[in-house]
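1. need coordinates for the following:
(chains A and B)
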Amino acid sequence: MIETITMSDRIAINASEYLDPQRDVIDAAVRLANAGITHVKAGAAVLISFVSLRGVSSTFFNALFATLLNELGREQFDVFLDFEFGNKVQEQVAQRSLDTILGENP
Amino acid sequence: MIRIEYADSVNDTWPELCRFIETVQPILSLEARKPWSLDLRGCTYLGPDAAALIAAMYLRGETLGQHPRIELPKRPAQLDAFCDFIGLKHLIHKTKLPTPSDPKNNTVEIHRHYQPTHIAHRRVAALIHRYFDLSEEVEESLGVAVNEVVGNVCYHAQSPIGALVAARYMVSSKEIRVSVVDMGLGISSTLGVKHPEARIPTKALEMVFQGRYSAGSTKGNRGLGISNLAGQVERCRGSLILVSSDAVATTWAGASTPRLQALQSGWPGTAVFFTLRVEDPDD
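-> Okay, here's the model as predicted:
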């Protein structure tokens, strides 16, 4: 059961709840993206947290950002979505994926 | 019946790994159902890289119905114990696996992955945690490095033996050595479908180290995996050997670009060997 925590001004989604060692990380990324998209389309701001994850590869971030950007577009992505990272290495890996995806969707 | 005897050390350096791969080429190029044997009883040292290569050869031989026969070294005692701990005896002689928590066991036994996962690094992290309080960021680097390589194998290589992962922690140097070996298509073949210039194996390796050249076969594939791996190796002051088909790339902390070399007799798949220093580089 995936839970969302309602904060005062935005909805927080814990990315680790979408990852299952028995399932493809791309499926997990798409399901996570779809959860975020649903909330954004309902008018909510969303925080996606990766704090409790370790060692997620670029494949996951690529699929996540590509799905979010394809569905929401750059403006909604920038305005309604925020991301929280557990450490700077994780943030760098995610940023590199985001830069690559943004390069495909200028 | 092909019989090969190998009576030398195979440490985790490219010259020794290269010599081993060259020597076993007659086995690697054998057709299905052609039996072979490999006698390693004269070996004086094997590291996790060699262990992963040997395991891959054995599993491929079984898959191809070659009835592979491997004699593992029994002396010195430390090498005999290593073959036990790393899982070679279990794989080849069907012995019971030793307990991972044995105080003398500084290895992660050979493990097969067929599915991309975000936790392929956890056994390796657990091993290090027995000796050293791994920082969050070094664990992240380790996880990214292992999971990027395992993901590449599972998504692209079509390896009949999956991705084999083995590791050994070097207590004195606070260094983890990780080996990921497959018997799949090789980077040149997979990347060459979309990028014809990558059909030259050294060019393919140059491209994956540069990053953003992808086979484009999955929704998450953007060609960042190997360059992310190299970034973590650089960050953790390690070294990296990547052999794929008939090319090898080697790099180490401080190297501006990988050293590329064409091989006459390479590996039928991809083998990635990397080391990371486990002390946080920012401390």
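
2. packing partners of the particular helix or strand that has residue A:102 in it?
-> In this assignment (DSSP states H and E), residue A:102 forms part of helix A:88-104. Under the contact criterion of 3 or more C-beta pairs under 8 Å, 6 or more residues apart in numbering or on different chains; DSSP states H and E, helix A:88-104 touches helix A:58-80, helix B:136-152, helix B:225-235. In short, each C-beta sits where N, CA and C put it, glycine included.

3. could you dump the ones you listed to CSV with distance to residue B:179, mean neighbour count and mean pLDDT?
-> Below are those laid out as CSV (distance: least, C-beta to C-beta, whole Å; neighbours: other C-beta atoms under 10 Å in any protein chain shown; pLDDT from 0 to 100):
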stretch, distance to residue B:179, mean neighbour count, mean pLDDT
helix A:58-80, 21, 20, 97
helix B:136-152, 10, 27, 97
helix B:225-235, 13, 23, 97
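
4. nearest to residue B:247, of the ones you listed?
-> helix B:225-235 (12.7 Å; C-beta to C-beta).

5. give me the angle between the helix holding residue A:102 and helix B:225-235.
-> On the basis of axes from the mean of the first three to the mean of the last three C-alpha atoms, to 10 degrees, helix A:88-104 is oriented at 150 degrees to helix B:225-235.

6. what angle do helix A:88-104 and helix A:58-80 make?
-> Using the same axes, to 10 degrees: helix A:88-104 against helix A:58-80 is 70 degrees.

7. need the CA coordinates for helix A:88-104. CSV is fine.
-> What follows is helix A:88-104, C-alpha atoms only, in CSV (Å, rounded to 0.1, in the frame of the first residue of the first chain):
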residue,chain,number,x,y,z
LYS,A,88,24.8,15.0,-2.8
VAL,A,89,25.9,11.9,-4.8
GLN,A,90,22.3,11.0,-5.4
GLU,A,91,21.4,14.5,-6.3
GLN,A,92,24.2,14.7,-8.9
VAL,A,93,23.1,11.4,-10.5
ALA,A,94,19.5,12.7,-10.6
GLN,A,95,20.6,16.1,-11.9
ARG,A,96,22.6,14.5,-14.7
SER,A,97,19.5,12.5,-15.8
LEU,A,98,17.3,15.6,-15.6
ASP,A,99,19.8,17.6,-17.7
THR,A,100,19.8,14.8,-20.3
ILE,A,101,16.0,14.6,-20.4
LEU,A,102,15.6,18.4,-20.6
GLY,A,103,18.1,18.4,-23.5
GLU,A,104,15.5,16.2,-25.3
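
8. kindly provide the distance from residue B:63 to residue B:89.
-> To residue B:89, residue B:63 is 20 Å away according to C-beta to C-beta, to the nearest Å.

9. in JSON lines: the helices and strands packed on helix A:88-104, plus distance to residue A:100.
-> Below are those laid out as JSON lines (distance: least, C-beta to C-beta, whole Å):
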{"stretch": "helix A:58-80", "distance to residue A:100": "7"}
{"stretch": "helix B:136-152", "distance to residue A:100": "14"}
{"stretch": "helix B:225-235", "distance to residue A:100": "10"}
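
10. among those, which comes closest to residue B:6?
-> Using C-beta to C-beta, the helices and strands packed on helix A:88-104 put helix B:136-152 closest to residue B:6, at 26.0 Å.

11. ok, that closest one near chain A or not?
-> Yes. Counting by C-beta under 8 Å from any C-beta of the partner chain, chain A has neighbours in helix B:136-152: B:136-137, B:139-144, B:146-148, B:151.
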